[in-house]
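Asks: no FASTA, just this:
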């Protein structure tokens, strides 16, 4: 009898367990429009324009990777650069995002779903030749992740320099994750800076939402529009501006529908809450984006006047407040990431707050005060307290079963707390304090003043007119950093020597000098500069990576490990390049007990399963440890990630580092360099299609 009871319990537990996320593949056909490139390289020109040149070229079918559970079906398109092309909320079979009926090879070639904008911060990834390699990673909790990876240094033609340029030497990973029994999904964007100098970490994402959602359904493509849009923005910002910080003003749209707002680009300043989205009052639907405002404080609305464009509006998220500035930097060798959660709720009022667990509508000042909530997972007992006092009894709540708590009387400033099955999922005071942050605003304004000088590099070989020389005075580390980045090595070495002589405690000056000398082949002098960089009163920890390379060259792998261990402690952000190299050095036959390497390799491949170098390290670690099954799995994963056109070169760079050899950053070509490489002997200069050779 006892055995039968235990068996019954076991079977019940198995039946109640969440089904793992299902994975499949599909297709997404879209009308294909194609234009002839018009190459331009002026300071204020878009890199490649196709204006007025588009022609229909039939249908292009994109292969998709599909993730689905009981609530959501996601369609991801790696060959289009990795966007979440479509997300369907299955209980009502409703599309979460706007779905375009066409795409093209222009600057804004993809307008469906949610996509990253990189390396340029606005519509950076373009079709058709920027595919992401991908693999599916399953977790013990039943979740599934589509891990994608891209690099952009092959787009080194000089026309990629200015606005919407495709060139970049940073590496991009995208992880799209769906968990069992959850009506929300997460997208993690991650960049790695393999260069020896810091770079701006501008990393923007755009989600395109439907403009129209009525009882008749969602209007997609280019119409027909079902009348003026009644949708309203959910955008908790105190102040907003336009591009470049212009038209700074208080944000107060009230509950105005899109139809009354005209068209505009609206950037939120210092948005302290991480949620935003659109509210559709006709159907009581919220479409929401949730993120960490400390990592991704930028938010932008973009919409056109009624009837001007397709039936979509854009919600942007980014690491900075305005496109035209760089507020944050990523150091040499470091990695940075942020995550977005997307959810769609049905059956509650306009979301007054949303986080990773719940969306709530708080109507405590209405004639019939109430709190409405939707949790993204089924909850057996959701309880409410106001100012610490319980309200009513716990109730069930689910993505397709909202909870509503009636309140006996209105409360002016309540503290609202929700507990779902013992976990506190909300604890906030309402109404939210959406107020100015003058200290933060001043930082944004100062950054805007120098925006034109911080990232625009001008001509590839000289300090060009696209930034002011006064911002990079002669003999300064700032000037030397830009010269090194552009490949002006002789000038950079002289500048950095002057900077180090003027301030011997400037560790960055010594570090950059070492990188320039190393690129010139002056290894001994470079190592001396790197040692000075870590000994300075304001040290540059990144120099330890290069000291480790020198130790490998000298046959001192043990000393290299010591440098990399110190680097892991001293680096303010994660020094990803150093961790990859340390995992390699800690394998069998290397310093340590031989097991540290595989453990670290697994941790790194778990942290970023998209980076082909991390997968390569894992493959070799398992191979050297004699783990045949894991070796075969890692090799299969590596083969998948090497499908990205630039992946093999990046793996080769890492292999060189394991031998103590450093490959300097790949740089964009100048027009003169491009012509020299593409001019046949005894022939005149050539030019890309659409550009005159005399330009």
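Replies: Cool, the structure landed. Keep in mind that what you see is a predicted model, and the values were worked out from it rather than measured. Residues are numbered from 1 along each chain as shown.
Asks: domain assignment for the protein?
Replies: The chain breaks down into these domains under automatic domain parsing: 17-192, 353-429, 464-658.
Asks: Take those domains and write them to TSV, including mean neighbour count, mean pLDDT and distance to residue 270.
Replies: (C-beta placed from N, C-alpha, C; glycine too.) What follows is these, written out as TSV (neighbours: other C-beta atoms under 10 Å; pLDDT from 0 to 100; distance: least, C-beta to C-beta, whole Å):
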stretch	mean neighbour count	mean pLDDT	distance to residue 270
domain 17-192	20	90	19
domain 353-429	18	94	18
domain 464-658	20	91	22
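Asks: quick one: which of the ones you listed is nearest residue 320?
Replies: Residue 320 lies closest to domain 17-192 among the domains of the chain, at 7.8 Å (C-beta to C-beta).
Asks: Excluding covalently adjacent residues, which one is nearest to residue 498?
Replies: Spatial nearest neighbour of residue 498, excluding adjacent residues (C-beta to C-beta, 6 or more residues apart in numbering): residue 475 at 3.8 Å.
Asks: Next, the one you found: phi, psi?
Replies: The phi/psi pair for residue 475 (degrees, to the nearest 10) reads phi 80, psi 10.
Asks: list the contacts for residue 341?
Replies: 184-186, 289-291, 356 (C-beta atoms under 8 Å, 6 or more residues apart in numbering).
Asks: er, residue 217 actually
Replies: Taking C-beta under 8 Å, 6+ apart, one finds residue 94 in contact with residue 217.
Asks: just the helices in the stretch 301-450 of the chain please.
Replies: 438-449 (DSSP state H, counting those that start in this stretch).
Asks: Wait, residue 161 touches residue 667, no?
Replies: No: Residue 161 lies out of contact with residue 667 (C-beta atoms under 8 Å); the separation is 10.9 Å.
Asks: In a markdown table, list the domains of the chain along with distance to residue 245.
Replies: Output for these, formatted as a markdown table (distance: least, C-beta to C-beta, whole Å):
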| stretch | distance to residue 245 |
| --- | --- |
| domain 17-192 | 15 |
| domain 353-429 | 28 |
| domain 464-658 | 18 |
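Asks: hang on, the earlier thing: tell me which two of the contacts of residue 341 sit farthest apart.
Replies: Between all members of the contacts of residue 341, the farthest pair (by C-beta to C-beta) comes out as 185 and 291, at 13.2 Å.
Asks: what's across from the spatially most central residue of the chain in the sheet?
Replies: In the chain, the C-alpha closest to the average C-alpha coordinate belongs to residue 189, at a distance of 3.0 Å (C-alpha atoms, centre = their mean). Assessed by DSSP bridges, residue 189 has beta-bridge partners residue 174, residue 338.
Asks: Might you report the residue contacts of it?
Replies: Here residue 189 is in contact with 116, 172-174, 203, 205, 337-340 (C-beta under 8 Å, 6+ apart).
Asks: in what helix or strand does residue 517 lie?
Replies: helix 507-519 (DSSP states H and E).
Asks: what comes into contact with that helix?
Replies: Under C-beta under 8 Å, 6+ apart, the answer for helix 507-519 is 196-197, 332, 477, 480-481, 484, 489, 492-493, 496-497, 499-500, 503, 523, 525-530, 532-534, 536-540, 542-543, 546, 662, 664.
Asks: Just the ones of these in helices?
Replies: Using DSSP state H, 477, 480-481, 484, 489, 492-493, 496-497, 499-500, 523, 525-530, 532-534, 543, 546 are the members of the contacts of helix 507-519 that sit in helices.
Asks: Any figure for the gap between residue 285 and residue 358?
Replies: Computed with C-beta to C-beta, to the nearest Å, the distance linking residue 285 and residue 358 is 16 Å.
Asks: Please name the residues that touch residue 231.
Replies: Here residue 231 is in contact with 209-213, 257-258, 278-281, 313 (C-beta under 8 Å, 6+ apart).
Asks: Buried subset of those as a PyMOL selection?
Replies: The PyMOL command for the buried members of these (criterion: 16 or more other C-beta atoms under 10 Å) is given here:
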select buried, resi 209+210+211+212+213+257+258+278+279+280+313
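Asks: I'd like the contacts of residue 231 as CSV, with distance to residue 124 and pLDDT appended.
Replies: Shown next, in CSV, are the contacts of residue 231 (distance: C-beta to C-beta, whole Å; pLDDT from 0 to 100):
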residue, distance to residue 124, pLDDT
209, 20, 96
210, 24, 95
211, 24, 93
212, 28, 94
213, 29, 96
257, 31, 93
258, 26, 91
278, 24, 97
279, 29, 97
280, 30, 97
281, 34, 97
313, 20, 93
